[in-house]
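Student: Sequence first, predicted coordinates after that:
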Amino acid sequence: MPDQFPSNAGMARAAQEVAGLAAQHADRAEQDRVLDPQVLRSVVNAGFARHFVPAEHGGNSGTFAELGAAVRTIGEQCPATAWCASIAASLARMAAYLPAEGRKEIWQHGPDALVVGAISPRGKAKPEGDGWRLSGAWSYISAVDHSDWALVLGLVPGDAGPEPRLFALPRAAYRIEHTWSDIGMRATGSNTLIAEDVFVPEALSVPARNLHEGRAPGLDSRCHAVPLTAVNGLFFTLPILGAARGALRHWSEYAEEKIRAAAKAPGPGPGRSFYEEALARSSGEIDAAQLLLERVAAVADLGPEITPAETARNQRDCAFVADLLVGAVDRLFRASGTGGHSVHSPLQRFWRDIHSAAGHVVLQFGPAATAYANRTLDVTP
């Protein structure tokens, strides 16, 4: 299928180089459960960390469409590297919601600072002087071992009860526990970040509602005027799309060998039509998933013009795509025989990575379906 993501030429070309390097290190990265530093540097050098950094801080203030092809290209070779690249872009976009003084501190040495984080409210903070005193433990922080900064969510006292607030922490303010044990996406190094009684200045904090509403102070770039719910799923589904295309490529090589062998020496086992049907169905589903994600990216690039209905549809599309791609690759995996299930086969790694990634809370279909139905159906009593 032709690539319809309009891509920045430099980033697209750099992504191919990242993909080649990541493929060379993929097996060892799986064993180590962390990306090789050389691969991580290539991700940063390719422009992923700076993609959504505001132009006034030396970044690209880029588009979601530009990001799509680059992440998918890497995902075809190493889904874990693509995941970290996508997360680097996502968290830098979130950091842009901090006050201007805080943004200057994060990007004081340039736009390539690697920001990681999580927006689960696993911390608690209380006001102190001109800032906050924060403690908490946040699990599943991808690429945290390579990080320069982290964004984490904590609950603060409010008039109507606890309120979520985003905090930016420099690397010296937190420690890491190596807790990542998932069967898939092993190389993402999604370990636990722990902050203990850390003082966070007011400039390095922002109410979480600003992020959800798409209100970045003092910025007029379109990529910072998009509600989080309209784009959050995209960052997690793009690596899955790349992984599915990688799985399809490896499976197709296997199917070609099987069909050739059967033509030379017919025997027991699936006939040619078995492989033809698996190919047609799974490739069709993967193509459909890409088309949906291209629409998600195009809608996100509307910036402040995006409507609540389009936001809900984007949520639905990303969750639906995750299910669609899992089904497509499950079919290929089942049709790959014991050879595809071998620990030495790249196919089983793609299969594990896809299942692990699709388990992310943002990609669960139930909540997305509810949000979509609430915007689509007139069910007001």
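Tutor: Arrived safely. Given the structure is predicted, the values throughout are model-derived calculations rather than measurements.

Student: which ones are touching the closest residue in space to residue 179 that isn't next to it in sequence?
Tutor: Once flanking residues are discounted, residue 179 sits nearest to residue 192: 4.6 Å by C-beta to C-beta, 6 or more residues apart in numbering. No exception for glycine: its C-beta is placed from N, CA and C like everyone else's. Residues near residue 192 by C-beta atoms under 8 Å, 6 or more residues apart in numbering: 137, 138, 139, 140, 141, 176, 177, 178, 179.

Student: for the third one, helix, strand, or coil?
Tutor: Which is residue 139. Classification of residue 139 by DSSP: H, G, I helix; E, B strand; the rest coil places it in strand.

Student: check which helix or strand covers the residue nearest to it when sequence neighbours are not counted.
Tutor: Among residues not flanking residue 139 along the chain, residue 192 sits closest, at 4.6 Å (C-beta to C-beta, 6+ apart). Assessed by DSSP states H and E, residue 192 sits inside strand 191-201.

Student: helices or strands next to the next helix or strand along the chain from that strand in the packing?
Tutor: Sequence order places strand 205-207 as the next helix or strand after strand 191-201, per DSSP H and E. In terms of contacts (3 or more C-beta pairs under 8 Å, 6 or more residues apart in numbering; DSSP states H and E), strand 205-207 is packed against strand 163-170.

Student: Flag the helix or strand of the protein with the lowest per-element mean pLDDT.
Tutor: helix 337-341 (a mean of 85; mean pLDDT, DSSP states H and E).

Student: Check which residues of the following helix or strand past it are buried.
Tutor: The first helix or strand that comes after helix 337-341 along the chain, using DSSP H and E, is helix 346-358. Across helix 346-358, burial judged by 16 or more other C-beta atoms under 10 Å covers 346-358.

Student: before we move on, the earlier item: pull the most distant pair out of the contacts of residue 192.
Tutor: 138 and 178 (14.1 Å; C-beta to C-beta).

Student: Comparing these two, which residue is more hemmed in?
Tutor: Higher neighbour count among residue 138 and residue 178: residue 138, with 25 against 12, using other C-beta atoms under 10 Å.

Student: Which residues does that one form beta bridges with?
Tutor: Following DSSP bridges, residue 138 is listed with bridge partners residue 193.

Student: Not counting residues beside it along the chain, what's closest to residue 174?
Tutor: Nearest non-adjacent residue to residue 174, counting by C-beta to C-beta, 6+ apart: residue 195, 4.7 Å away.

Student: Assess the claim that the one you found and residue 152 are in contact.
Tutor: Yes: between residue 195 and residue 152 there is a contact under C-beta atoms under 8 Å: 6.9 Å.

Student: on that earlier part again, what are the buried residues along the least confident helix or strand of the chain?
Tutor: For helix 337-341, burial by neighbour count (16+ other C-beta under 10 Å) applies to residue 340.
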